[in-house]
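K.L.:
whatever this is, show me its structure:
(2 chains)
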Amino acid sequence: QTVVTQEPSLTVSPGGTVTLTCASSTGAVTSTFYPSWFQQKPGQAPRALIYSTSNRHSWTPARFSGSLLGGKAALTLSGVQPEDEADYYCLLYYGGAQGGVFGGGTKLTVL
Amino acid sequence: EEQLVESGGGLVQPGGSLRLSCAASGFNFSNYWMHWVRQAPGKGLVWVSRINSDGTYTINADSVKGRLSISRDNAKNTLYLQMDSLRAEDTAVYYCARENKIAFAMDVWGQGTTVTVSS
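P.N.:
Numbering: from 1, shown residues only, chains lettered A, B, ... in the order given. Next up is the predicted model:
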């Protein structure tokens, strides 16, 4: 069974920078996994942030950026705002036979 | 405004069935692949199912194969999830989401509908 692993929790100061990562149990994450990232606040539906590794949606603030880093997908928040406190999920695509797998999520605390 | 609205959730006994609906508006529904994603209480997101734009291709997560089935009616701008042989572990909020032209690039999400499987 494929497992996608994220940091369970991270803490960052307002105005700081933090990087969240997303690893696959099958090996290195590449662009062919089409990594995407989602933000979820309590009681709300997920909101899409990044698709296909590094592409922002039209509503995604520029302080959110996606990349590949050391065999993992990564989401970097620069100039963190208090409203960025949320759960963040990555999603990897494993092809037509398996579909997609979400990571377990990272709870980001802004403190 | 591009919008997805889920409905059909509720309380069902183990072994029972339920059909969820997702009504799309504000965009050409028949042009897009669609997904179902679920979230158990206090847990993370889990991808469930995917369907192509004309309904001829579907794929489900291993955990739901044979029990949950995705389908769509493009004439009604509606996505469905037929849920059979329900188990307690199927208790979750179920979200539908639109895939925007790139694999698993889910951009528009519904607000979710809650399914509770309990006797």
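K.L.:
switch to C-alpha atoms for all contacts and neighbour counts from now on
P.N.:
Fine.
K.L.:
so what's the closest residue to residue B:58 other than its chain neighbours up against?
P.N.:
Residue nearest to residue B:58 in three dimensions, not counting chain neighbours: residue B:51, with 4.4 Å by C-alpha to C-alpha, 6 or more residues apart in numbering or on different chains. Taking C-alpha atoms under 8 Å, 6 or more residues apart in numbering or on different chains, we find residue B:51 in contact with B:33, B:34, B:35, B:57, B:58, B:59, B:70, B:71.
K.L.:
residue B:51 pairs with what?
P.N.:
According to DSSP bridges, the partner residues bridging residue B:51 are residue B:34, residue B:58.
K.L.:
doesn't residue A:18 make contact with residue A:7?
P.N.:
No: the criterion here is C-alpha atoms under 8 Å, and residue A:7 misses it with residue A:18 at 11.8 Å.
K.L.:
find me the pLDDT at residue B:1, would you?
P.N.:
Predicted confidence (pLDDT) for residue B:1: 96.
K.L.:
in contact with the residue nearest to it when sequence neighbours are not counted, which residues?
P.N.:
Distances taken as C-alpha to C-alpha, 6+ apart put residue B:26 closest to residue B:1, at 5.1 Å, once the chain neighbours are dropped. Contact analysis of residue B:26 by C-alpha under 8 Å, 6+ apart lists B:1, B:2, B:3.
K.L.:
do that again at 10 Å, thanks
P.N.:
For residue B:26, the contacting residues are B:1, B:2, B:3, B:4, by C-alpha atoms under 10 Å, 6 or more residues apart in numbering or on different chains.
K.L.:
now the residue nearest to residue B:58: how far from chain A?
P.N.:
Using C-alpha to the nearest C-alpha, to the nearest Å, residue B:51 is found at 11 Å from chain A.
K.L.:
farthest residue from the center of chain A?
P.N.:
When each C-alpha in chain A is compared with the mean C-alpha position (C-alpha atoms, centre = their mean), residue A:97 comes out farthest, at 23.2 Å.
K.L.:
which SS class is that one?
P.N.:
Three-state call for residue A:97 (DSSP: H, G, I helix; E, B strand; the rest coil): coil.
K.L.:
excluding covalently adjacent residues, which one is nearest to it?
P.N.:
Spatial nearest neighbour of residue A:97, excluding adjacent residues (C-alpha to C-alpha, 6+ apart): residue B:59 at 7.6 Å.
K.L.:
can you check residue A:3 too?
P.N.:
Here the residue nearest residue A:3, using C-alpha to C-alpha, 6+ apart, is residue A:25, at 5.3 Å.
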